[in-house]
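Chemist: Got a predicted model here, sequence first, then my questions.
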Amino acid sequence: MAIPPSVRALIRTTPTVVRLQNRALISVSGSQAAEFLNGLLSTAVTTQAHRSFYSSFLHAQGRVIYDVFVHATRDARSQPAYLIEYDSSVPEDTPALLPMLKRHVLRSKVRIRDASDEYDVWAAWGSDAKADKSRQRWTRTQTGAIEPAWDSLPWGLEGEALIDRRANGMGSRRLARKEIGEIGTHDEGAPDDYLLHRIAHGVPEGAVDIPPMQAFPMESNLDVMGAVDFRKGCYVGQELTVRTYHTGVVRKRILPVLLHPPHPEDTQTRTRLPSGLDIRASLTHAPGEGRVARPRGQANYLAQSRELGCTLKTRACEGLERGDLKFEVSGADVGGGASWFVKSWWPDWWPKNVEENV
């Protein structure tokens, strides 16, 4: 379904640019930079096409450590190089990305360094309508995994802004030198504007939405957003990822939701819920004659913006669409113990019938 009107009214639709303060950058250069990253990332990195893309670093057991954007650039010698953009606000027990990459260098002819002090990361949207029509076909498996089928290089070319095609309407990512400051002629928004824009489009990002060392790629929608290549050769975490693709079942997905206060007439209620809360399903009415779905669904509350939009990881619930079940979040951290109602929706850019798999 489309974005609910109550959420759409809050989203900035005018050309907007936001500096993402929680994003860091690592430079990877050298004659074997592409081969080095190809052995670590969940998408293919080829020497034939020097391009930007979206990908992820996985743990050996197939869980996500970092979801990343990889920006194609050039080093001081005009040789192909890459700037890896990642979330720097990860938990303390998460392996730091820079030392993790250096441990894999061995004899590879690559140079790795922190470039966060050189560039700012900006997200822009509101003027990239041409990107909305880029994704037209999907490949699905019986296990529930989904792959986008691209007609051309989807993320843009070297030297250009990276087109954010994780979802239609997301806009683009841009890197700017620190000394340049604000870029373009767009209106500058606040970080919360980008958070709401991202959540409303059903796009998880970073350590809050994709907990490091816990989340699996398909459950975090990385397959739908183009961050996993199931036909690629060896890379860290490939075995379990490909096994799930062929023989497993994807039972969870991250979805955007609406939060409703316990008293609908109380429009002034403003409660920021902590992430990690359990969202449980319960019956909307007393069991009567006939078959009533058992309230077995459960979800995990992830992120929130302006008390209306958030993302969660949910398991399918029989009867949710029929109105037999409802999602609620409650506890001591939720408005003094009151129950808040949670309603999810499927982003309209998702492939049809994907909900049958989760």
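Modeler: Right, received. Where do you want to start?
Chemist: What's the local residue count around the closest residue to Asp187 other than its chain neighbours?
Modeler: Closest residue in space to Asp187, ignoring its immediate chain neighbours: Thr16 at 5.5 Å, by CB to CB, 6 or more residues apart in numbering. Where C-beta positions appear, they are placed from N, C-alpha and C, glycine not excepted. A count of neighbours around Thr16, defined by other CB atoms under 10 Å, yields 21.
Chemist: who touches Thr16 in this structure?
Modeler: The contact partners of Thr16, taken as CB atoms under 8 Å, 6 or more residues apart in numbering, are Ala124, Trp125, Gly126, His186, Asp187, Glu188, Gly189, Asp193, His197.
Chemist: which residue packs closest to the most centrally placed residue in the chain, ignoring adjacent ones?
Modeler: Most central in the chain under CA atoms, centre = their mean is Pro204, positioned 2.8 Å from the mean C-alpha point. Spatially, and ignoring its direct neighbours in sequence, Pro204 is nearest to Ile254 (4.6 Å; CB to CB, 6+ apart).
Chemist: That neighbour touches Glu205, doesn't it?
Modeler: No - assessed by CB atoms under 8 Å, Ile254 is found out of contact with Glu205, at 10.2 Å.
Chemist: How about Leu37, nearest residue that isn't a chain neighbour?
Modeler: That would be Val45: by CB to CB, 6+ apart, it lies 4.6 Å from Leu37.
Chemist: The closest residue to Thr46 other than its chain neighbours in helix, strand or coil?
Modeler: Using CB to CB, 6+ apart and skipping residues adjacent in sequence, the residue nearest Thr46 is Ala34, 6.5 Å away. Classification of Ala34 by DSSP: H, G, I helix; E, B strand; the rest coil places it in helix.
Chemist: how about the helices of the stretch 151-300 of the chain, start to end?
Modeler: 191-200, 206-209, 238-247 (DSSP state H, counting those that start in this stretch).
Chemist: Tell me which of the ones you listed sits nearest to Leu106.
Modeler: Among the helices of the stretch 151-300 of the chain, helix 238-247 comes nearest to Leu106, with 18.8 Å by CB to CB.
Chemist: Buried ones in that closest one, by neighbour count?
Modeler: Gln238, Leu240, Thr241, Val242, Thr244, Tyr245 (16 or more other CB atoms under 10 Å).
Chemist: does the first one really touch Phe230, like I thought?
Modeler: If I follow you right, that is Gln238. No - Gln238 lies out of contact with Phe230 (CB under 8 Å); the separation is 9.1 Å.
Chemist: Can you check the pLDDT for Ala338?
Modeler: You'll see Ala338 listed with a pLDDT of 66.
Chemist: after the biggest strand by length in the chain, next one along is what?
Modeler: Using DSSP state E to define each element, the chain has its longest strand at strand 64-74. Following strand 64-74 in sequence order, the next helix or strand is strand 80-87 (DSSP states H and E).
Chemist: Which secondary structure elements does that next one sit against?
Modeler: Counting contacts by 3 or more CB pairs under 8 Å, 6 or more residues apart in numbering; DSSP states H and E, strand 80-87 is packed against strand 23-29, helix 33-38, strand 64-74, strand 172-177.
Chemist: Out of these, which gets nearest to Ser6?
Modeler: Of the helices and strands packed on strand 80-87, nearest to Ser6 by CB to CB is strand 172-177, at 26.9 Å.
Chemist: and the closest one, which residues are buried?
Modeler: For strand 172-177, a neighbour-count test (16+ other CB under 10 Å) marks Ser172, Arg173, Arg174, Leu175, Ala176 as buried.
Chemist: got the angle between it and strand 80-87?
Modeler: Angle of strand 172-177 versus strand 80-87, following axes from the mean of the first three to the mean of the last three CA atoms, to 10 degrees, is 110 degrees.
Chemist: For strand 172-177, C-alpha coordinates in PDB please.
Modeler: Output in PDB follows, covering the C-alpha atoms of strand 172-177 (Å, rounded to 0.1, in the frame of the first residue of the first chain):
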ATOM      1  CA  SER A 172      20.900   9.900  -4.000                       C
ATOM      2  CA  ARG A 173      24.000   9.900  -1.800                       C
ATOM      3  CA  ARG A 174      26.700  12.500  -2.300                       C
ATOM      4  CA  LEU A 175      30.200  12.900  -0.900                       C
ATOM      5  CA  ALA A 176      31.600  16.400  -0.400                       C
ATOM      6  CA  ARG A 177      34.900  17.700   0.800                       C
END
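Chemist: quick check: angle from it to strand 64-74?
Modeler: Using the same axes, to 10 degrees, strand 172-177 lies at 60 degrees relative to strand 64-74.
Chemist: Strand 172-177 to strand 23-29, inter-axis angle?
Modeler: Using the same axes, to 10 degrees: strand 172-177 against strand 23-29 is 70 degrees.
Chemist: From the contact counts, what lies against strand 172-177?
Modeler: Using 3+ CB pairs under 8 Å, 6+ apart: strand 172-177 touches strand 64-74, strand 80-87, strand 119-125, strand 162-163.
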